[in-house]
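Chemist: After the sequence you'll find the predicted model.
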Amino acid sequence: MKRLLSLLLALLLFALTGCAGSGAWDDRTYLKLYYPAPLDSAQGGDAIAHVNIAWDDMSQEDTQTQAERVLMLLMGECEEDGFTVPVPRGTLLRHCRVENGVAHVDFSEAYGTLSGMKLTVADYCVALSLTQITGVEQVAITVDGQELAYRDSQRFRARDVLFTDTDEPVRTLTTWLYFPNGQGHLIAERRELTLHEGQVRCGVVMDALMEGPAGETLLPLLPEGFAVLTVRLDEGTCYLNLPSSDTELLPDGEAAQQLLMQGIVNSLCAVSGVRQVQILQDGMMLARFGQIDVSQPLQPSQ
C-alpha cells in the first residue's frame, strides 16, 4: 500500500499555485487538496489529483478548525484552476468532529447519491485531504448520520491509496476466474489483475469477469451490458450489489442462470478472505435473482 507523500517531499516537486495565491515553492507550509482527476488524464493513471494550498495560517489552528476548513475547501470554496469539487453539488456538511485520531464527517443526503467508483474517489479525496492534518489518522464518512451499507469499508486511511507517480509497483492480484466452455462447464482461468488506487480486489474481479476470458477456448460468463453497482467485503462475505436491469439480461433457463451465478461466486471466492457471496439488488436483499435462490449467501462449488 502507498502512504501519502509527506508535505516536506512536496517541496521537491514542481510548483503548483495554491488557492491562497502562493507562487513558487518556498519554506511555507502547504496542504494538498484532492479532487477527481479529469477523465482524459486518468486513463491508465491516477483517478485522483491534487492542488496545493498555502497552509501557514491554518497550521496554527486546532485540529477541529483545520478539518472544517479543509471540508469547506473541498465543498466549493477552493477556486484554484483545475480543481473540481469531489462531492455532489448541494451537499451540506452536517457536522465534523475529530476524536481519537478519527475525523467523523457527516454529509447531507446529496452525498448518498454517489455510488461505485465515484463514491470511492469522493471518499478518498476527503480522506487524503484530511489525514494530512496532525492528529487525523482515519476518516469516517456518514450520510445524515448513517453509514452507507454498500461501501467496501467505512474507515479511510491515506495508506490505502496507491498512486502511480512513485517508485512503488502497482499492486497485482493473482487469482482464478471462472468461465464456461462450450460444454456448459466452468473452467478456471489463472489471471494476474492490476489494482489501481481506490480499487478493491472483489471489484477488480468483477471488472475482469465483465471483460471476458483471456483464452480463446472459453466463453464469456456475463452477458453484454451486465453491470455492478457496488462490491464490499465484510467478515468473509462479499456483498455484490447488482442493478435490477441485470435481471433482464440473464440467459433463459435455470441451468444457464445457475452456471452464470456459480461462475461469479467461484471467482469472487477465489480471492483470499472471501468465503461466500450475498447478492443484493439495488441495495436490497431479495429472495430470487432470476430463477436462482439468493435469499442466503452463496457458496463456491467444490
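Modeler: Yep, that arrived. The shown structure was predicted, so the numbers you read here are calculated from the model rather than taken from an experiment.

Chemist: tell me the contacts of residue 65?
Modeler: residue 58 (CB atoms under 8 Å, 6 or more residues apart in numbering). C-betas here are computed from N, CA, C, even on glycine.

Chemist: Give me the mean pLDDT for the host helix or strand of it.
Modeler: According to DSSP states H and E, residue 65 maps onto helix 63-72. Helix 63-72 carries an average pLDDT of 95.

Chemist: chain center to that helix, what's the gap?
Modeler: 23 Å (CA atoms, centre = their mean, to the nearest Å).

Chemist: So which bits of that helix are buried?
Modeler: Using 16 or more other CB atoms under 10 Å as the burial criterion, the residues of helix 63-72 that qualify are 63, 64, 66, 67, 68, 69, 70, 71.

Chemist: Distance to residue 298 added to the residues you listed, as JSON lines?
Modeler: Compiled in JSON lines, the buried residues of helix 63-72 are given as follows (distance: CB to CB, whole Å):
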{"residue": "63", "distance to residue 298": "45"}
{"residue": "64", "distance to residue 298": "45"}
{"residue": "66", "distance to residue 298": "46"}
{"residue": "67", "distance to residue 298": "41"}
{"residue": "68", "distance to residue 298": "44"}
{"residue": "69", "distance to residue 298": "47"}
{"residue": "70", "distance to residue 298": "42"}
{"residue": "71", "distance to residue 298": "40"}
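
Chemist: With only the CA atoms kept, save the helix holding residue 65 in CSV.
Modeler: Output of helix 63-72 as CSV, limited to C-alpha atoms (Å, rounded to 0.1, in the frame of the first residue of the first chain):
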residue,chain,number,x,y,z
THR,A,63,-7.3,20.1,14.7
GLN,A,64,-11.1,20.6,14.6
THR,A,65,-10.8,24.0,12.9
GLN,A,66,-8.4,22.8,10.3
ALA,A,67,-10.6,19.8,9.5
GLU,A,68,-13.6,22.0,9.0
ARG,A,69,-11.6,24.4,6.8
VAL,A,70,-10.4,21.5,4.6
LEU,A,71,-14.0,20.3,4.1
MET,A,72,-15.2,23.8,3.2
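
Chemist: Need the contact partners of whatever helix or strand comes next after it.
Modeler: Using DSSP H and E, the helix or strand that follows helix 63-72 in sequence is strand 93-99. Identification of contacts with strand 93-99 by CB under 8 Å, 6+ apart yields 63-64, 67-68, 71-72, 75, 103-108, 135-136, 144-145.

Chemist: Between helix 63-72 and strand 93-99, find me the angle.
Modeler: 140 degrees (axes from the mean of the first three to the mean of the last three CA atoms, to 10 degrees).

Chemist: what lines up beside strand 93-99 in the sheet?
Modeler: strand 102-107 (antiparallel) (DSSP bridges).

Chemist: Outside of the strand it pairs with itself, which residues are in contact with it?
Modeler: For strand 102-107, the external contacting residues (CB under 8 Å, 6+ apart) are 67, 71, 87, 91-98, 126, 130-131, 133, 136-145, 155.

Chemist: Now do the same for the next helix or strand after it: mean pLDDT, whole number.
Modeler: In the C-terminal direction, the helix or strand that comes right after strand 102-107 (DSSP H and E) is helix 116-130. Per-region confidence: helix 116-130 scores 89 on mean pLDDT.
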